[in-house]
Structures are given as C-alpha cells and as structure tokens.
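Student: Here is a sequence with its predicted model. Questions after.
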Amino acid sequence: MAKSSNITAAKGFRAGGMTCGIKTSGKPDLVIITSDFPCASAGVFTTNKMPGAPVIVSKKHVANGKAQAIVCNSGCSNVCTGEQGIADALTMCLQTGQQLGIDPSDVLVCSTGVIGHMLPMDKIEAGIENLAPKLKRGPQADAATAKAILTTDLVPKTAHVSFKLGTKTIHIGGIAKGSGMIAPNMATMLSFITTDIAITPALLKQVLKRVADISYNRISVDEDTSTSDSVLILANGQAGNRLIDKPGKNLTLFENALTQLCKDLAYQIVKDGEGATRVYRAQVSGAASIKDANLIGKTIANSPLVKTAVHGCDPNWGRLVMAVGRSGANVKPQKLDIAIGGILLCKSGQPTQLSKTQLVKVEKHMMSKEVLLSVNLNMGQGESEWLGCDLSREYITINADYTT
C-alpha cells in the first residue's frame, strides 16, 4: 500500500467521498467507509448534553461491539432536529446497509456542520446510492474521503502507522476533521479509524477510551464542546494475527501505535484551529497527582489570556501563574517553576533574572510555530501534556460570519 494511504491502508477496507449537494459551495460533503469483512468496533462520543441524532444512533449501533461501515455527511449536523432527525440518521444507515449488503445496525452514522437544520435527505439518499458502488482502496480514495468530512477546516487530517506482531504487519489508518468548537472532552471533531488487527470488541473499546483521553481529549481551540463529536474505530482482523483477547505485549503494541496515530491527528486539528497561527504545548510536571496535572494543563490550554498572549508573541508568564492558581489543583506558590521554550522565567514562585541573550531567545521562541510552556509544581510525580492554539482576530471573523 502506498505511503500516502490512510483510511484504506488496512487490508479489506474501501472508502470514498463525493459532492451530493448539501454544501452551497459545491464542495464534497458525503463519505462512506466500509470493510469487506465484519469488524469489531468501538466509539467515543461527545460529552455535550445536547448530542446530535447521529450520536444517539451510533451509540446504539456500536453498543454490541460490531459494525462494518461508517456513513457521514458534512455541511449539516442533524442536531436539534427531534424525532425526524433520528429517523433521518436511521435512514442513512438503512440506505448504506442496503447498498453494501450489510445489516443497517452495522452502519455507524455521523453528521457535522450547522446546528438546527434538517438534513436534505433527497440529496443524501441519492448520494449514498451513487457513492456506495464506487468505493475503492488507495491514495485517491483516501484523499477524497478525508476532504468530504471537512467544514471550516483548511486542510484534511490524515495519518497511518504500521507495526509488527510476530510475522504479521498491522496497519492503522485514520482521518479527522475539526477546526473550531474544539475543547477538552473532544470537540467539533470527527475521527474515523480503520485497522486490520484481530482484537475483541471489549478490549478495543477499552483501548480506544484510554487513547482518546490522552489525545483528542487534551486539545483546545476555543473551549466549546461540540454536539457531534465522535471517534469511531473498525477492526476487521484481516492482518491474520492471533486474536488479542487479553492484556499483554500485543495489546500494548497496538495501544502504543493507536496512541501515536491519534496524537498525530489531534495535533493536526489544533494546528488547523480556526484562525490559528501557532500551536502551544502546555507541559505540566511535578504535580501531586495526574488529576492535578490535567487540571492545570486543561486550564492553560483553554485560557483566552494565554491564547492571546501566544498570538501576540508575548512571553507573559503571569498568565500561566493565573491559570495554575485558578485550575483547582493543589499548588504551593513557593515551589512553582515556569519556563517558556526551556528558559526558566519563574523559580520557586519568584521571577528569575534573565540575561539579554536569554530574553532574546524567549522572544524568538514566542514567534515560532510551536511554543512550549512548561510548569513544574515540584510537589510530586504527576505530569501531563495538553495542546492549544492561539486566539486570533481571524477566529472572530470566521465565527461571526459562520451562517451568514
């Protein structure tokens, strides 16, 4: 399989994307991903209390740990659409299942886009009928699939990793979308993952949850959690490895590879944040617990004041002090160290004296495309890393004009 392949890199998967007419721009807006063989499946979904109809339906369909296809439209989210929205999501599953010759309950469904509009089902049903027979493998099909799930994204997000289990090569491919309404506990983001590993549904679910918690759930563009977030994975077992049905070395290898892929996709989402010009890493260490480290990392990733300082290339470490103090974590001010780009600006809760050379380095670092913000509480072994992006004037422009 060519290196540029992703969602169909694993054996037995086909995919495609096309324009069915949902978006007035004429850009692609419909995707189908399928396996030629039954799959173990798992999903992680939004924590928003107003989930879209597709989230409700996909949660039900994935509950038995089986699925064989994903259908997704972009341009309309099918959120706040009542019983008709549920019926439309089920119709998308039914139509896709009929076209692929599989049970509709083995189809997972997603929608992304503007909230509060009914799906144009005539266009979607015609699109599914047109697209399903044309699903293929390879870079061209993968590129079309990745593009058709986008909304305000500027670029597609794709990733592929492979690793060995004995003599067998395992492939994991993934695509994602997300640019705004991105907050910890996922975002206006969708991520679809395919793999040919043989694994039980129960273990697949456990691994996906752990991986999502340290990748998609540690990013922030604007602290708004979407109504449509879904991370879905299909595993068809076609790599031919011995079934992973218990914890051990093989499960660890798979989890490490999946973590690599999901962290890659999560980084791409933050990098493509609406109006974003740079990414920042909030690295927290020395916390009394991992929980405390996550509280601080999350607060730094979410803080509008930190985001605007990063946008303005301002090494204002006082905003990090503020974030640490309001995070709810256990803190001892006299032990707090803060560094930017590896240069210590605050030691034991007090400012350090920097040379002119160090000041120049800090200022130069703040202008780079990736900024490193480090906080050490010197209270324990808890550590965590979160990703954020700057908050720019362009973000306001994009979201002020979103439906107009």
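Tutor: Here it is on my side, so go on.

Student: hey, which strand is longest across the protein?
Tutor: Among the elements of type strand in the chain, defined by DSSP state E, the one spanning the most residues is strand 30-45.

Student: what lines up beside that strand in the sheet?
Tutor: strand 13-18 (antiparallel), strand 66-76 (antiparallel), strand 230-235 (antiparallel) (DSSP bridges).

Student: Identify each buried residue in it, please.
Tutor: Neighbour counts over strand 30-45 (16 or more other C-beta atoms under 10 Å) mark 30-35, 39-45 as buried. All C-beta atoms are positioned from the backbone trio N, CA, C, and that covers glycine.

Student: And for stretch 276-294?
Tutor: Of all the residues in stretch 276-294, those buried under the rule 16+ other C-beta under 10 Å are 276, 278-288, 292-294.

Student: tilt between the host helix or strand of Ala202 and strand 66-76?
Tutor: Secondary-structure element containing Ala202, defined by DSSP states H and E: helix 201-213. Compare the direction of helix 201-213 with that of strand 66-76 by axes from the mean of the first three to the mean of the last three C-alpha atoms, to 10 degrees and you get 30 degrees.

Student: tell me what helix 201-213 is packed against?
Tutor: strand 30-45, strand 230-235, helix 249-271 (3 or more C-beta pairs under 8 Å, 6 or more residues apart in numbering; DSSP states H and E).

Student: Output the ones you listed in JSON lines; the columns should cover mean pLDDT and distance to Gly127.
Tutor: Converted to JSON lines, the helices and strands packed on helix 201-213 look like this (pLDDT from 0 to 100; distance: least, C-beta to C-beta, whole Å):
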{"stretch": "strand 30-45", "mean pLDDT": "97", "distance to Gly127": "4"}
{"stretch": "strand 230-235", "mean pLDDT": "96", "distance to Gly127": "20"}
{"stretch": "helix 249-271", "mean pLDDT": "95", "distance to Gly127": "25"}
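
Student: right, so of the ones you listed, which gets closest to Thr397?
Tutor: Taking C-beta to C-beta as the criterion, helix 249-271 is the member of the helices and strands packed on helix 201-213 that comes nearest to Thr397, at 18.9 Å.

Student: Distance from the next helix-or-strand element following that closest one to the middle of the chain?
Tutor: Along the chain past helix 249-271, the next helix or strand (assigned with DSSP H and E) turns out to be strand 279-287. The chain centre lies 19 Å from the centre of strand 279-287; the measure is C-alpha atoms, centre = their mean, to the nearest Å.

Student: Take strand 279-287, keep the C-alpha atoms, and write them as PDB.
Tutor: Provided in PDB are the C-alpha atoms of strand 279-287 (Å, rounded to 0.1, in the frame of the first residue of the first chain):
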ATOM      1  CA  VAL A 279       0.300  25.800  18.400                       C
ATOM      2  CA  TYR A 280       1.400  25.600  22.000                       C
ATOM      3  CA  ARG A 281       2.200  22.700  24.300                       C
ATOM      4  CA  ALA A 282       1.400  23.000  27.900                       C
ATOM      5  CA  GLN A 283       3.700  20.600  29.700                       C
ATOM      6  CA  VAL A 284       2.900  20.100  33.400                       C
ATOM      7  CA  SER A 285       5.200  18.200  35.800                       C
ATOM      8  CA  GLY A 286       5.800  17.800  39.500                       C
ATOM      9  CA  ALA A 287       2.100  17.800  40.300                       C
END
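
Student: So in that sheet, which strands flank that strand, and in what orientation?
Tutor: Sheet pairing for strand 279-287, assigned by DSSP bridges, gives strand 370-376 (parallel), strand 382-389 (antiparallel).

Student: Average pLDDT for the longest one, rounded please.
Tutor: What that stands for is strand 382-389. Here the mean pLDDT over strand 382-389 is 94, rounded to a whole number.

Student: same check, this time on the first one
Tutor: In this model, strand 370-376 carries a mean pLDDT of 98.

Student: so where's the chain shaky on pLDDT?
Tutor: 1-4, 179-188, 221-228, 398-404 (pLDDT under 70).

Student: possible to save the helices and strands packed on helix 201-213 as JSON lines with distance to Lys157?
Tutor: Supplementary listing: the helices and strands packed on helix 201-213 in JSON lines, determined by distance: least, C-beta to C-beta, whole Å:
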{"stretch": "strand 30-45", "distance to Lys157": "14"}
{"stretch": "strand 230-235", "distance to Lys157": "13"}
{"stretch": "helix 249-271", "distance to Lys157": "4"}
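
Student: For Thr145, find the nearest of those.
Tutor: Nearest to Thr145 among the helices and strands packed on helix 201-213 is strand 30-45 (5.3 Å), distances taken as C-beta to C-beta.

Student: how far does the very next helix or strand once past the closest one sit from the chain's center?
Tutor: Tracing the chain C-terminally past strand 30-45 and defining elements by DSSP H and E, one meets helix 53-62 next. Chain-centre distance of helix 53-62: 18 Å, with C-alpha atoms, centre = their mean.
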